[in-house]
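J.: predicted coordinates and the sequence they were generated for:
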Amino acid sequence: MFNVCPHCGEYSAEKTIDPAGPYAICPYCHYAHPFLMQPLFILTGPSGAGKTTVCLELASHLKDCVTLETDILWGAFPTTADKGYSAYHDMWLRLAKNIGQTGRPVVLCGTMLPEHLVNCPERRYFSAVHYLALVCEDDLLVQRLKQRPLWRGADPTDGEMVRFNRWLKAHAADTEPPMTLYDTSQHSIAETAHAVTQWIDEILLQKE
C-alpha cells in the first residue's frame, strides 16, 4: 500500500513530493520514499461520445499503458456528489498511482474534468495530467443515446449530455490544464482509438 510509510508504518496520502528523486516525504518521520512519478491520461467526454467503446479498443493499442474505465467501480465505492464526487476521483487517482509503480502509466476513461482533480490529495503523485475530450455533433449524440439499452439510464430528452458536449467544445481550451478535443462524428472507433493512441504516444515521447 503506497500511502503507508515503509519506515514508520503511518498512513498519509498527503505526503510532500520532492521531484528531485522523486520522493514522497512522510509527514511523520520524514522518510523519503522513492517512487515512479508517472503522467496520467484522462479520456473524458459526454455519454454517447464513444468513451466506453474506445476504451475497449485502446487495450490492444496501448501496450505500454494500463487502460481502465472509471465506471467499473461505480456503486462499489461509497461516494456522494459532494465536491464533484471528489472521493470517487481520488480513489481512482490512488489506484492509478499504485499501478504506475509497475512502470506503466494509466489511461482513465470517464467523465473527469481538471476541476474535479485539482484538489484531490492523490493528484500530487503525477508528473502531469493530460485530458482528451471526445465530442461529436449534437444530433449524433442524441441518436447514440436513444440507441442505448434502458439499463444504461440514458435520457437524451433532458439535454444534459448535449449541454456538456457544447460546453466542452466552447471551454476545453480555457481549463487548467487545457483539454484536447477530438470530434468522433466522422470517425470510426478504430480511427478514434488510433488518434487517441497517437496523442498518448506523442506525450510519452516528449517525457523521454
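T.: Yep, that arrived. Numbers count the residues shown, from 1 in each chain.
J.: now do the helices in this protein.
T.: Assigned by DSSP state H, the helices in the chain fall at 51-58, 86-100, 114-117, 138-146, 160-171, 189-207.
J.: as JSON lines, those helices with mean pLDDT and mean neighbour count would be great.
T.: The way it works is simple: take the backbone N, C-alpha and C, and place the C-beta from them, glycine included. Listed next are the helices of the chain as JSON lines, based on pLDDT from 0 to 100; neighbours: other Cβ atoms under 10 Å:
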{"stretch": "helix 51-58", "mean pLDDT": "92", "mean neighbour count": "20"}
{"stretch": "helix 86-100", "mean pLDDT": "93", "mean neighbour count": "20"}
{"stretch": "helix 114-117", "mean pLDDT": "93", "mean neighbour count": "17"}
{"stretch": "helix 138-146", "mean pLDDT": "90", "mean neighbour count": "17"}
{"stretch": "helix 160-171", "mean pLDDT": "95", "mean neighbour count": "16"}
{"stretch": "helix 189-207", "mean pLDDT": "93", "mean neighbour count": "15"}
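J.: ok, which of those comes nearest residue 131?
T.: In terms of Cβ to Cβ, the element of the helices of the chain nearest to residue 131 is helix 114-117, at 6.5 Å.
J.: now for the closest one, which elements pack on it?
T.: helix 86-100, strand 129-135 (3 or more Cβ pairs under 8 Å, 6 or more residues apart in numbering; DSSP states H and E).
J.: apply 6 Å and report the result again.
T.: Where contact means 3 or more Cβ pairs under 6 Å, 6 or more residues apart in numbering; DSSP states H and E, helix 114-117 is not packed against any helix or strand.
J.: tell me which residue lies nearest the centroid of this structure.
T.: The residue lying closest to the centre of the chain (Cα atoms, centre = their mean) is residue 42, at 3.0 Å.
J.: buried stuff in stretch 23-31?
T.: Neighbour-count burial for stretch 23-31 flags 23, 24, 25, 26 (criterion: 16 or more other Cβ atoms under 10 Å).
J.: from these, which two are the most distant?
T.: Within those, 23 and 26 form the most distant pair, 9.7 Å apart (Cβ to Cβ).
J.: name the residues contacting each of those two.
T.: Among the neighbours of residue 23, none is also in contact with residue 26 (Cβ atoms under 6 Å, 6 or more residues apart in numbering).
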